[in-house]
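Peer 1: Pasted the sequence and its predicted model underneath.
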Amino acid sequence: MADDAEKTEEPTPKKIEDARKEGNVPKSQDTSSFVTLVVAIGATFALFPLIKEHLYRLYYYYNSLIGVEFSKELIFDISLTTLKELVIMILPLASVVALSGMIAAFLQFGFVFTIKPLEPKLSKIDPIKGLGKLFSLKKLIEAVKIIVKVSVVFTIAFIFLLAFIKELPTVINFSMQEQLSWLEDKIIILVAVMLIVFFVLALIDLLIVRFQYFKELKMSKQEIKDEHKQMDGDPQVKARIKKIQMEMAQKRMMQNIPDADVIITNPTHYAVAIRYNKDKESAPRVVAKGVDQTAQKIKEIARENLIQIVENPPLARELYRLCELDDTIPENLYKAVAEVLAFVYQSKKGS
């Protein structure tokens, strides 16, 4: 029993899908931030000519206002122009960054749309549960991760900045153009190093998040058994349904016996009811069949409805074996069944 209670089994596809429907997905915030950062840097470089152009426009616009007397209309025009230029500069960059965030999330766990996390729940405002979550192992791991990440980033950044500072006495003797070129090179190096650091941290965070996610979704053996019962149906319920279906099918079969022309029997174990309507059917049809008690019931109904019973053990066994209910008889039995029907029709005429 203890083994059943332990969550040692990997989560089933249904368990993972149910978690996704609840909005519970393995999302690494560091991975999303890294992708967003890379896209933001790339977009900034790509959009820099556009940004520079509109910065120049603002610069020339503000210069044109020197010596102009301010009024309400002018202040409104300055505000509107500034806002318009800022929107033109920022909106494309913000749109690309927002799109990159969605793409990063999609690459991690695919498309998920659910409003369940937004549904109001009293448990969410329970102070006791809130304190429990605040001091949980998961929160402790998150805090340690943040401390480690910040420490690593600042340490590496400090090492490179210290190396750059040591070059300053030499750089002072450079021309202005050479100093700017040196500064540009160092910025590129620092950005590249930081991107590599962020990439490594994001990869580690992604692995940790996915490990924790699948660990939390692990199931006990009993949970897997219960899930299989829910998906496949309880065996007892299925057996009960099957029994009811068989009873209903047998009831319909018994109702068809009065329409039969003849009952072919074993004589004790098998009974097969045959109907042949020359105007509607191309061949004789099996309307009922059974063995043992069912066979006896078929013969009982046949006697009540004055349907002739013919003993022919080989034919009865073959019809029972080869034909299902409402099947026409196979061609290889046409002759044998025709002889029985001819005998029945002749008997009716004689009587």
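Peer 2: Yep, that arrived. Numbers count the residues shown, from 1 in each chain.
Peer 1: Any regions of this structure where pLDDT drops low?
Peer 2: For the chain, the stretches flagged by pLDDT under 70 are 1-5, 110-138, 231-237, 350-351.
Peer 1: Of all the helix elements in it, which one is longest?
Peer 2: The longest helix of the chain (DSSP state H) is helix 176-216.
Peer 1: Residues touching stretch 267-287, excluding its own?
Peer 2: For stretch 267-287, the external contacting residues (CB atoms under 8 Å, 6 or more residues apart in numbering) are 253, 256-257, 259-265, 288-292, 294-296, 298-299, 302, 307, 311, 313, 316-317, 319-320, 323-329, 334, 337, 340-341. From N, CA and C alone the C-beta is placed, and that goes for glycine too.
Peer 1: out of the residues you listed, which are inside strands?
Peer 2: Residues of these located in strands (DSSP state E): Val262, Ile263, Ile264, Thr265, Ala288, Lys289, Gly290, Val291, Glu311.
Peer 1: Greatest separation within those: which pair is it?
Peer 2: Using CB to CB, the pair of the ones in strands among the contacts of stretch 267-287 lying farthest apart is Val262 and Val291, separated by 18.0 Å.
Peer 1: The stretch 251-351 of the chain: helices as residue ranges?
Peer 2: Assigned by DSSP state H, counting those that start in this stretch, the stretch 251-351 of the chain shows helices spanning 293-304, 313-322, 334-350.
Peer 1: of all the ones you listed, which lies closest to Tyr60?
Peer 2: Ranking the helices of the stretch 251-351 of the chain by proximity to Tyr60 (CB to CB) places helix 313-322 first, at 97.4 Å.
Peer 1: Please save the CA atoms from the closest one in CSV.
Peer 2: Output of helix 313-322 as CSV, limited to C-alpha atoms (Å, rounded to 0.1, in the frame of the first residue of the first chain):
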residue,chain,number,x,y,z
PRO,A,313,-28.0,-31.7,-36.5
PRO,A,314,-25.2,-31.1,-39.2
LEU,A,315,-27.1,-28.2,-40.8
ALA,A,316,-28.1,-26.7,-37.4
ARG,A,317,-24.4,-26.7,-36.3
GLU,A,318,-23.2,-25.1,-39.6
LEU,A,319,-25.8,-22.4,-39.6
TYR,A,320,-25.0,-21.5,-36.0
ARG,A,321,-21.3,-21.4,-36.7
LEU,A,322,-21.3,-19.5,-40.0
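Peer 1: which other helices and strands contact that helix?
Peer 2: The helices and strands touching helix 313-322, judged by 3 or more CB pairs under 8 Å, 6 or more residues apart in numbering; DSSP states H and E, are strand 262-265, strand 270-275, strand 285-291, helix 334-350.
Peer 1: Centre of the chain to that helix, how far?
Peer 2: 51 Å (CA atoms, centre = their mean, to the nearest Å).
Peer 1: if we look at that helix, which residues are touching it?
Peer 2: Contacting residues not belonging to helix 313-322 are listed as 264-267, 270-272, 274, 286, 289, 291, 329-330, 333, 336-337, 340 [CB under 8 Å, 6+ apart].
Peer 1: Can you mark which positions in that helix are buried?
Peer 2: For helix 313-322, burial by neighbour count (16 or more other CB atoms under 10 Å) applies to Leu315, Ala316, Arg317, Glu318, Leu319, Tyr320.
Peer 1: do the same with stretch 90-110
Peer 2: For stretch 90-110, the neighbour count (16+ other CB under 10 Å) marks Leu93, Val96, Val97, Ser100, Gly101, Ala104, Ala105, Gln108 as buried.
Peer 1: what does that stretch rub up against?
Peer 2: Identification of contacts with stretch 90-110 by CB under 8 Å, 6+ apart yields 20, 25-28, 31-32, 34-36, 38-40, 43-44, 47, 50-51, 206.
Peer 1: Val262 and Val291: which is more packed in?
Peer 2: The neighbour count for Val262 versus Val291, taken as other CB atoms under 10 Å, is higher for Val262 (24 against 16).
Peer 1: Not counting sequence-adjacent ones, nearest residue to that one?
Peer 2: Of all residues not flanking Val262 in the chain, Val344 sits nearest, at 4.8 Å (CB to CB, 6 or more residues apart in numbering).
Peer 1: Please pick the buried ones from the contacts of helix 313-322.
Peer 2: Looks like those have 264-266, 270-272, 274, 286, 289, 291, 329, 333, 336-337, 340 buried, using 16+ other CB under 10 Å.
Peer 1: if I pick Gln179, what's in contact with it?
Peer 2: Residues near Gln179 by CB under 8 Å, 6+ apart: Val171.
Peer 1: Can you list the helices and strands that the helix or strand hosting Gln245 packs against?
Peer 2: In the assignment (DSSP states H and E), Gln245 maps to helix 235-256. Where contact means 3+ CB pairs under 8 Å, 6+ apart, helix 235-256 is packed against strand 285-291, helix 293-304.
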